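1. Based on what follows, work out the 3D shape:
(chains A and B)
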Amino acid sequence: MKIATFNINGIKARLNALTDWIDEAHPDVILCQEIKSVDEAFPGEVFEERGYNVETHGQKSFNGVAILSKLPLEDVTRGLPGDDSDEQARWIEATVMGETHACRICGLYLPNGNPVELNPDGSPVEGGKYAYKLDWMKRLEARARALMADEMPALMGGDYNIIPQAEDAAKPEQWTEDALFRPQSREAFRRIVNLGFTEAFRARTQGPGHYSFWDYQAGAWQRNNGIRIDHFLLTPQAADLMVSCEIQSDVRGREKPSDHVPVMLDLAL
DNA sequence: ATGCCTAATGGAATTAGA
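-> Predicted coordinates:
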């Protein structure tokens, strides 16, 4: 079963590029981030006529996530648990029934966290964007612990807005103070991975030069000045089923591209 | 260089992204 994560940066602006890619790559499940649309305005019929079930968790202008799936989606839930006052649409999950296994599939759009605002003691300023990012990651860790405790095939895929290691940036020295690469951010990510998750791409591919995002500015794509921030984390039961995980970087060079590219995971579900 | 592009909103200039 081919499961993709793709930050599309706006469903309206990306509709043609997205359908062209779907018609070529034929993923079974697509986790979309930054749909930038309310649920009512999401063009679900475009995907339904291609055989996908569509579940969205949108909001006006920004954020928004969706799951498109050729297999039925069961027990769909929206919003990351742990803070009822959080109105940002960044989390959706559902169960997909494979031929041999069921898999809990979580799609996420982790907060960017910039600008980084710190108190004199180094703690994030309360109410700031960096504090929101770290708080959101604590809630993600809690959900991750629960998935791990279930001892079932499950995955969390999406735009993590985390550069895990220096080798995941073409110019790591440019990111040292950025919310995507600061030690506190990377530590929070590691704490989740170290619960026992497999980071799918790195389980199969080592070394530098592998990116999933290139800025629109300053010819970042042409200069290959990228970062790897879109990830799949697998429970052990899902990792046992992994066939492959690849970044489809060529998509960045197409007509009217997103600034992110799809990451494609193949699980023997 | 908190912005060299792009997208959404709303119908110009601002906000947000990473």
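2. Number of residues surrounding the nearest residue to residue A:223 once chain neighbours are set aside?
-> Leaving aside its sequence neighbours, residue A:223 sits nearest to residue A:170 (C-beta to C-beta, 6 or more residues apart in numbering; 7.9 Å). Every C-beta, even on glycine, is put in place using the N, C-alpha and C of the backbone. Residues within reach of residue A:170, counting by other C-beta atoms under 10 Å, total 18.
3. Run through the residues that contact residue A:170.
-> A:209, A:211, A:223, A:224, A:225, A:226, A:227 (C-beta atoms under 8 Å, 6 or more residues apart in numbering).
4. wait, what's in contact with the residue in the stretch 1-150 of chain A positioned nearest to DNA strand B?
-> Proximity to DNA strand B, evaluated over the stretch 1-150 of chain A using C-beta to the nearest atom of the strand, is greatest for residue A:10 at 2.7 Å. The neighbourhood of residue A:10, defined by C-beta under 8 Å, 6+ apart, consists of A:34, A:35, A:36, A:37.
5. wait, does stretch A:102-109 contact DNA strand B?
-> No. Using C-beta under 7 Å from any atom of the strand, stretch A:102-109 stays clear of DNA strand B, coming no nearer than 7.5 Å.
6. So which residues on the stretch 151-269 of chain A come close to DNA strand B?
-> Close to DNA strand B, as judged by C-beta under 7 Å from any atom of the strand, the stretch 151-269 of chain A has residues A:159, A:161, A:180, A:213, A:215-219, A:227, A:229, A:256, A:259-260.
7. Which of those ranks first by neighbour count?
-> residue A:159 (28 neighbours).
8. Can you verify my assumption that that one contacts residue A:31?
-> No. In this structure, residue A:159 is not within contact of residue A:31 by C-beta atoms under 8 Å, at 9.3 Å.
9. Including pLDDT and secondary structure, could the residues of the stretch 151-269 of chain A next to DNA strand B go into CSV?
-> Output for these, formatted as CSV (pLDDT from 0 to 100; DSSP: H, G, I helix; E, B strand; the rest coil):
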residue, pLDDT, secondary structure
A:159, 98, strand
A:161, 98, coil
A:180, 98, coil
A:213, 98, strand
A:215, 97, coil
A:216, 97, coil
A:217, 95, helix
A:218, 94, helix
A:219, 95, helix
A:227, 98, strand
A:229, 98, coil
A:256, 96, coil
A:259, 98, coil
A:260, 98, strand
